[in-house]
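Peer 1: any chance you can model this:
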Amino acid sequence: MYKSEETLLPEAEYRFLLDALKAFATIVLFECHRAASEKRDLIIRNFIARATVTLESILRLWDARAFGDCWALFRTLVDRHFHLHMITINDEFDAFEEWSFVRLFEMNNNIASDTTLTTEQKEGQPKPTLEQKARYKELKARGFLWREPKPEEAAKSFGLPILYKFGYDYASRFLHPLATDGLFEFEYLTQLGDKGDRGDQRLILHNAALSLTILLNEALLATSVEWRGLMYDCIEGFRKALTGEGLEYKVCLARIAAEGPEFEWCRPKAPRV
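Peer 2: Numbering: from 1, shown residues only. Model prediction:
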């Protein structure tokens, strides 16, 4: 996952690959919208959408030389993958949805019931429907079992503790304040010292793209539908490009595009006998 400067791709190739990843993910999202309607599919769809926008945001921050913020967003990308992995292997999509519903309900209620806020300040805050209130009461009375996965445990569960040590944990240094935070930004803004020069930062783009590739592969496998082999070939093509094994993903994307917007890339899985 972590490469030396000599083995990284040229910046232009990363930009092209990130655009291609976004296009591929968008095709997956349309297919999820068309054919995948189970609760697990909607959750997976949202994971893919959020992760794809995160990758796009990392590139924008990279262009703004906000490299520390790039690493902070990278950690959220890895964390999203950890969540998806643990929810999938434990088949906790229902429990995760219930936990999410309760969390959002209570966060909205905290604003609505805060006496220090004026009516104008609360304006626009969503109000729960009678059905939502009833569901909240039922879930609180019944109780629901789900806990957020621990990142280190998640990384170990699929045999890649390096994702925690040199991914999530390393990136955490840019999220939690340290005494030296802001030094590069200070020199960049004032043009003093090294003028904010952090050297080659393509590694952020590399790791973020690879993380989304891994997430996409796991996401497709976790849905309730069956995907055509070319979709997995395209994901593998992205991985190979990032590890210097060719640019097969460009051929795969061209084949996908040639089929047109009406082509169906997934179908319901055959029932088990």
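
Peer 1: give me the contacts around the strand or helix carrying residue 249.
Peer 2: Here residue 249, judged by DSSP states H and E, is contained in helix 248-258. Applying C-beta atoms under 8 Å, 6 or more residues apart in numbering, the set of residues contacting helix 248-258 from outside is 17, 20, 23-24, 27, 230-231, 233-234, 236-238, 240-241, 265. For every residue, glycine as well, the C-beta is placed using N, CA and C.

Peer 1: which of those residues lies closest to residue 205?
Peer 2: Among these, residue 17 lies closest to residue 205 (C-beta to C-beta), at 8.5 Å.

Peer 1: buried sites along the host helix or strand of residue 41?
Peer 2: In the assignment (DSSP H and E), residue 41 maps to helix 39-63. Going by neighbour count (16 or more other C-beta atoms under 10 Å), the buried part of helix 39-63 is 40-41, 43-45, 47-48, 51-52, 54-55, 57-59, 61-62.

Peer 1: how about residue 226, secondary structure?
Peer 2: Classification of residue 226 by DSSP: H, G, I helix; E, B strand; the rest coil places it in strand.

Peer 1: which residue ranges form the helices in the stretch 51-200 of the chain?
Peer 2: In chain order, the stretch 51-200 of the chain shows helices spanning 67-89, 93-112, 119-122, 130-142, 151-157, 162-163, 169-172, 183-190, with DSSP state H, counting those that start in this stretch as the criterion.

Peer 1: tell me what the first one is packed against?
Peer 2: Helices and strands touching helix 67-89, by 3 or more C-beta pairs under 8 Å, 6 or more residues apart in numbering; DSSP states H and E, are helix 39-63, helix 151-157, helix 162-163, helix 169-172, helix 183-190, helix 202-222.

Peer 1: can you check the last one too?
Peer 2: Using 3+ C-beta pairs under 8 Å, 6+ apart as the contact test, the elements touching helix 183-190 are helix 67-89.

Peer 1: who touches stretch 178-186?
Peer 2: By C-beta under 8 Å, 6+ apart, the list of residues contacting stretch 178-186 reads 66, 67, 68, 192, 194, 196, 198.

Peer 1: from residue 186, how far out is residue 12?
Peer 2: Distance of residue 12 to residue 186, computed by C-beta to C-beta, to the nearest Å: 30 Å.

Peer 1: looks like residue 117 contacts residue 110 (just checking).
Peer 2: No. With contact defined as C-beta atoms under 8 Å, residue 117 does not count as touching residue 110 (10.1 Å).

Peer 1: comparing these two, which shows the higher neighbour count?
Peer 2: residue 117 (13 against 9; other C-beta atoms under 10 Å).

Peer 1: without its sequence neighbours, what residue ends up closest to that one?
Peer 2: residue 111 (6.9 Å; C-beta to C-beta, 6 or more residues apart in numbering).

Peer 1: tally up the residues packed near residue 225, please.
Peer 2: 19.

Peer 1: tell me, what residue is most central in this protein?
Peer 2: residue 51 (2.5 Å; C-alpha atoms, centre = their mean).

Peer 1: alright, I will stop here.
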